[in-house]
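Asker: no sequence on hand, only this structure:
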């Protein structure tokens, strides 16, 4: 399909599809504890069939234009991904998210990949509002929202029961005009 280079460090953004099930499962196994600190993504996928089923659910969402998964590869190895959740072209709203195994953390991969996804959503699909929701304790995720220029809209207090704890969720967003303005400022400053 496609492979979008995310820089000179061997990082690429590619579709993550059902035929990647074995590679996806190996990735989840490497990062299961790290990924699962704040999100349950991939926690029930413990064999190739269940990994394939998760990937197929997102392939079906992509076909229905309601969501999609995109893998992050570093030097040919799957280390994480970014996704569209609740993609609603009809209302111009979507939610984005991410996950990483430790080998992908601290490299700016999610921020770089998310810029590609948000550009696509706004410029090609006409999305007006992009949302990012993360647990208040998930500092790396919240830092991505900040780096993307998103605005903190509020905190849903103790709304997310996970692993025996009720977590606050922070809601961040960026609107299409804000995104375009920030991208134009960045392009202008790089001249």
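Answerer: Yep, it's here. Keep in mind that what you see is a predicted model, and the values were worked out from it rather than measured. Numbering: from 1, shown residues only.
Asker: buried set for the one helix or strand residue 26 maps to?
Answerer: Assignment of secondary structure by DSSP states H and E places residue 26 within helix 21-35. Within helix 21-35, the residues that qualify as buried are 21, 24-28, 30-31, 35, counting by 16 or more other CB atoms under 10 Å. (Each C-beta comes from the backbone N, C-alpha and C, glycine too.)
Asker: residues making contact with it?
Answerer: The set of residues external to helix 21-35 that reach it, using CB atoms under 8 Å, 6 or more residues apart in numbering, is 16, 41-43, 45-49, 51-52, 54-55, 71, 78-80, 99-103, 105.
Asker: ok, and the closest non-adjacent residue to residue 182?
Answerer: With sequence-adjacent residues excluded and distances taken as CB to CB, 6 or more residues apart in numbering, residue 182 is closest to residue 149, at 4.6 Å.
Asker: where does this structure dip in pLDDT?
Answerer: The model of the chain has pLDDT under 70 over residues 1, 188-191.
Asker: if you set the cut-off to 80 instead, what comes out?
Answerer: The model of the chain has pLDDT under 80 over residues 1-2, 186-191.
Asker: quick check: residue 164 vs residue 9, distance?
Answerer: 38 Å (CB to CB, to the nearest Å).
Asker: more neighbours, those two?
Answerer: With neighbours defined as other CB atoms under 10 Å, residue 164 and residue 9 compare such that residue 9 has more, 13 against 5.
Asker: surely that one touches residue 107?
Answerer: Yes. Checked against CB atoms under 8 Å, the pair residue 9 and residue 107 is within contact range at 6.9 Å.
Asker: mutual contacts of the two, please.
Answerer: With contacts taken as CB under 8 Å, 6+ apart, the residues that reach both residue 9 and residue 107 are residue 74.
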